[in-house]
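# Sequence isn't available, so here's the structure alone:
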């Protein structure tokens, strides 16, 4: 069970790389030049800088798996084109998945299945369970894409609020509730083992049945 948990979280966190960032850059126009891929970028900034400018921005990024589209508006970030692995089928990843961070909650989905979690709660729970990766922000992911030399192109765009709203037709599993359940079971097992008692019948957890 623990291997499944770690695999699921690793797929979710490493592929999504989402989080929240509320810092805004000055809105003054910046000079432009060309990066190594020949695409236009602002001279004294990066992909992360574009996404933190405080205006509606749309970026396209060329990756080995295909094109990734990143949309940013205020403290909201949406990434289209990621590979998403559902919690109940971690070995069956879905291409062209989406991740969305609205400043508090992070949503990830592919097809009709999705996962949602609060970054703050996940960071709190990560200290209670072994084997849980520390949550990374979307800024970490953007920096890794830049370091890998992936070409990107950004521009200001008129983005609607609806683009940053999770779809109503997707069933989202709450990862926070899932992890809280695991934490409670872990505490009960430690308590039982400390008292010399061990009950092999543990509660069923949705997603691992």
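Cool, got the structure. Everything numeric in this text was worked out from a predicted model, so none of it was measured. Numbers count the residues shown, from 1 in each chain.

# Run a quick neighbour tally on the nearest residue to residue 56 once chain neighbours are set aside.
If the residues on either side of it in the chain are set aside, residue 56 comes closest to residue 159, at 4.2 Å by C-beta to C-beta, 6 or more residues apart in numbering. (Glycine included, C-beta is placed from N, CA and C.) Neighbourhood size, residue 159 [other C-beta atoms under 10 Å]: 17.

# next one: residue 107
22.

# ok, back up a step: please identify the helix or strand for the residue nearest to residue 56.
Counting by DSSP states H and E, no helix or strand carries residue 159.

# and it, what are its phi and psi?
phi -100, psi 130 (degrees, to the nearest 10).

# Same check on residue 165?
phi -110, psi 130.

# what does residue 68 give?
Dihedral pair for residue 68: phi -110, psi 130, per degrees, to the nearest 10.

# sorry, back to before: relative to residue 87, how far out is the residue nearest to residue 56?
29 Å (C-beta to C-beta, to the nearest Å).

# now swap in residue 120 and tell me
The spacing between residue 120 and residue 87, counted by C-beta to C-beta, is 20 Å.

# Tell me which of the two has more neighbours.
Neighbours per residue (other C-beta under 10 Å) separate residue 120 from residue 87, with residue 87 holding more: 21 against 13.

# The more buried one belongs to a strand, doesn't it?
No. Residue 87 is assigned coil when assessed by DSSP: H, G, I helix; E, B strand; the rest coil, not a strand.
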